[in-house]
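# Here is my input, please return the structure:
(one chain, ligands or ions: 1)
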Amino acid sequence: MEHKIEELIAKMSLEEKIGQLNQESIIADNERIEELKDLARQGKLGSCILAANGLAGDCEQEQFLIGELNELQRCAVEESPLGIPLIYGRDIIHGCRTIFPIPLAQAATWDYDLIRDAASIMSREASYDGVHWTFAPMLDICTDPRWGRIIECPGEDPLLGKMVAKASVDGIQGEDMSQPGKLAACAKHYIGYGASQAGRDKDPTEWSDYTMHNRALPAFEEAVDAGIATVMSAFNDISGQPATANKYYLTDVLRGKLGFDGYVVSDWAAIERLNCQGVSDNDLLSAALAINAGVDMDMFDGIYKNNLEQALIQGAVNMETIDEAVRRILRIKFRLGLFDRPYTEDVNTTGRVLTKEYLQKAKEMSAHSMVLLKNNGVLPLKKGEKVAVSGPYAEEKESLMGSWHASGEAKDVVSFFEGVQQVNGIENTLSDCNLAEQSDVCLVALGEDWMITGEGKTMPNIELPEEQVAAIQQAKKLGKKVVAVFLAGRPLAFGDIVEECDAILWAWHGGTMCGLAAAEILFGDFNPCGKLPVTFPRYTGQIPIHYNHNRNEYVLSGYYEHHPYVSTVGDSTPLYAFGEGLSYTEFVYDNFRCNKTDTAFEITFDIHNKGKFDGFEIAQCYIQDVVASMARPIKELKAFQKIYIKQGETKTVTMRLTREDLSFYDGRGNKVFEPGDFKLEIGTSSRHSCFTITEYLDFR
Ligand code: BGC
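Next up is the predicted model:
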């Protein structure tokens with residue numbers, strides 16, 4: 001393959017090389033289609049993105065005609081001088097036609113297999129539409145729920161981020177991405193986009209190299225190790241250096257340290273935006289800054305297409321840099337098998353998408369993602385008892401698909417009300433809490449509209465809107481049991497209503513089958529097992545709040561006592577902590593034993609299911625590096641296991657920590673292991689530990 005790539009590069013004109021670096025947008029019934037065909041014939045087009053604008057996650061998605069895509073491909077393959085195929089990309093983020101829960105909810109499953117399977121199904125569905133490449137997974141670690149894009153991310157924890165990265169790459173690309181139904185994946189947004197100031201989308205990020213390496217980088221590192229084909233550079237600047245022009249992160253770290261050999265695509269028009277970021281005042285300079293930093297493909301804005309030749313003539317860019325970018329792009333086109341099979345077969349997708357099997361998987365994942373936050377014993381409900389369903393999101397469908405729902409259609413979604421009807425019977429399901437005289441329980445569907453989540457969306461505060469608080473209070477006044485079901489993308493601060501609710505289920509924007517999955521949990525068909533991938537604050541003012549922050553003098557007893565301003569007026573602990581989530585059964589941990597070898601420290605323990613339901617438990621292992629050369633977090637998740645335990649059964653679990661697990665990046669980006677005392681904790685969440693031990697560890 002490398003030989004073939006060199007042969008091609010040797011034959012390519014400069015225009016053809018620059019063409020490979022050029023990605024244009026294509027939309028259904030495209031008025032520019034003839035222009036694009038001409039570019040393809042001349043070898044001046046390398047890729048198309050199937051999106052109409054830079055906020056594709058919020059748009060009605062049009063159906064692309066395979067015939068049109070194949071015809072454009074034919075112009076490239078059969079009519080251009082070298083016949084290099086185009087690569088078609090689209091944002092297939094958490095489902096194509098069958099919509100799975102939003103990525104943040106997927107992380108709440110803590111389940112590699114489910115995330116991999118969902119990624120695999122969405123890739124298969126997208127492949128029928130002629131897509132070769134998806135702009136997923138999004139791996140931005142985020143601690144700020146004001147940011148609308150928190151819904152697309154794996155949460156606040158680097159280890160969970162790594163799991164999501166590997167599962168997504170494995171599902172999207174498979175072992176061999178040239179196989180039918182597989183796509184090239186794209187790890188985005190590299191890097192630090194999830195830490196923009198105050199959650200304002202595309203604002204600067206002020207994370208130091210130290211924080212960036214330890215918090216943002218691990219998920220990308222894992223994606224590279226899993227063989228990810230492409231990476232997308234981020235919009236934000238990092239301590240003054242835009243990510244799109246950041247040679248240190250794009251080249252020295254991504255390629256030099258992590259060994260990435262695929263290509264980097266810019267984010268939408270991000271090269272042009274180097275002007276707005278103030279590091280350039282002309283397109284030629286922007287082109288040179290981006291390509292010299294390591295951005296290989298230019299998404300949408302035509303800056304490479306229109307400026308690279310001049311940049312070369314003026315000496316701002318050299319030929320080897322252009323050749324290297326072409327080489328990386330051709331490598332992925334070869335790995336995808338595009339040279340052998342450039343066309344997409346035009347199949348009738350009826351019966352191939354939204355299949356029974358896919359819907360079942362979507363329901364399963366949705367159920368696993370839901371987090372039971374409170375239950376005073378009212379749940380599970382008895383089937384056949386009269387319940388009233390109310391609240392602004394009871395009949396909502398579109399929002400349940402969340403932002404970036406690709407080809408998902410609201411008509412396919414099971415609303416919460418419909419879900420309850422299906423599980424509990426139409427005759428037992430009343431549509432209004434005011435009819436509660438006839439029922440024992442009010443189920444109140446709260447949450448947020450999908451259009452206030454996603455790209456370009458920032459909330460100044462995340463408190464629950466007054467009318468939703470009122471909906472709960474009204475139900476409570478009727479003297480019935482009140483169960484709140486949240487259909488939301490981001491964590492919300494709803495401390496005011498916790499006391500009023502007998503139970504709270506966090507059901508997310510859970511996709512096509514969300515309503516049914518939630519109802520099955522409420523009526524005991526499925527025992528909830530999701531755990532929070534992100535901390536829920538009590539007040540907006542606590543943000544950023546995350547379990548794995550560094551220590552300071554205010555940390556005396558509780559690990560959130562450090563926030564003096566909040567603690568003078570109220571509770572400074574989180575409303576719900578990272579890793580929390582209840583079950584209908586009771587898991588008891590005991591019989592802890594430790595084993596130290598030269599290369600690992602193992603903690604083995606038993607978990608008994610002492611309750612009345614079978615169920616999954618997610619056991620978590622945290623460490624604290626007691627004294628280190630840099631300030632280290634209070635605790636860091638280092639291992640977890642999700643285990644199915646039947647009622648009355650006991651399972652034995654072993655968590656194993658190695659030198660790699662206990663290493664961290666120092667302030668200069670070197671991974672170090674410092675022997676010393678480590679506090680190790682086994683718990684059911686970041687706030688509930690069952691066993692703690694401090695050990696001196698000095699691994700080889
Ligand atoms: C978003 C990316 C997305 C791209 C293409 C950008 O505005 O930041 O996440 O992949 O558009 O739609």
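
# mind listing what the residue in the stretch 351-500 of the chain positioned nearest to the ligand touches?
Using Cβ to the nearest ligand atom, the single residue of the stretch 351-500 of the chain nearest to the ligand is Glu455, 5.6 Å away. Backbone N, C-alpha and C define where each C-beta goes, glycine included. Glu455 makes contact with 55, 57-58, 148-149, 201, 403, according to Cβ atoms under 8 Å, 6 or more residues apart in numbering.

# do that again at 6 Å, thanks
When contacts are counted by Cβ atoms under 6 Å, 6 or more residues apart in numbering, Glu455 is found next to 55, 57, 149.

# and if you look at Leu697?
Going by Cβ under 6 Å, 6+ apart, the list of residues near Leu697 reads 601, 678.

# Next: Glu681.
When the contact criterion is Cβ under 6 Å, 6+ apart, the partners of Glu681 are 622, 689, 692.

# residues from the stretch 351-500 of the chain in reach of the ligand?
Contacts of the stretch 351-500 of the chain with the ligand, taken as Cβ under 6 Å from any ligand atom, map to Glu455.

# ok, back up a step: what about the contacts of Glu681, which one has the most neighbours?
Looking at the contacts of Glu681 with neighbours defined as other Cβ atoms under 10 Å, the largest count falls to Tyr622 at 25 neighbours.

# Name the SS class of that residue, please.
Counting by DSSP: H, G, I helix; E, B strand; the rest coil, the backbone at Tyr622 sits in strand.

# go on, Val347?
For Val347, the secondary structure call by three-state DSSP comes out as coil.

# Could you tell me how many residues sit around it?
Applying the criterion other Cβ under 10 Å, we find 11 residues in the vicinity of Val347.

# Which residue, neighbours along the chain excluded, lies closest to it?
In space, not counting the residues next to it along the chain, Val347 is nearest to Tyr128; the distance is 6.0 Å by Cβ to Cβ, 6 or more residues apart in numbering.

# I'd say the one you found and Gly351 touch.
No - contact status for Tyr128 versus Gly351: not in contact, 11.2 Å apart, counting by Cβ atoms under 6 Å.

# okay, the two: which has more neighbours?
Applying other Cβ under 10 Å to Tyr128 and Gly351 shows that Tyr128 carries more neighbours, namely 20 against 9.

# Once you drop chain neighbours, what's closest to Gly19?
The shortest distance from Gly19 to any residue that is not its chain neighbour, by Cβ to Cβ, 6+ apart, is 3.7 Å, and that residue is Lys44.

# So what's the residue count around the one you found?
Residues near Lys44, counting by other Cβ under 10 Å: 21.

# Using the three-state scheme, assign it.
At Lys44, secondary structure determined by three-state DSSP is coil.

# Please report the distance of it from the ligand.
Lys44 sits 21 Å away from the ligand, taking Cβ to the nearest ligand atom, to the nearest Å as the criterion.

# Just the pLDDT for that residue.
The score at Lys44 is 96. That number is its pLDDT.

# Same check on Leu478?
pLDDT, read off for Leu478, is 89.

# For the contacts of Glu681, give me a markdown table that also has distance to the ligand and pLDDT.
Output for these, formatted as a markdown table (distance: Cβ to the nearest ligand atom, whole Å; pLDDT from 0 to 100):
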| residue | distance to the ligand | pLDDT |
| --- | --- | --- |
| Tyr622 | 31 | 98 |
| Ser689 | 37 | 94 |
| Thr692 | 41 | 97 |
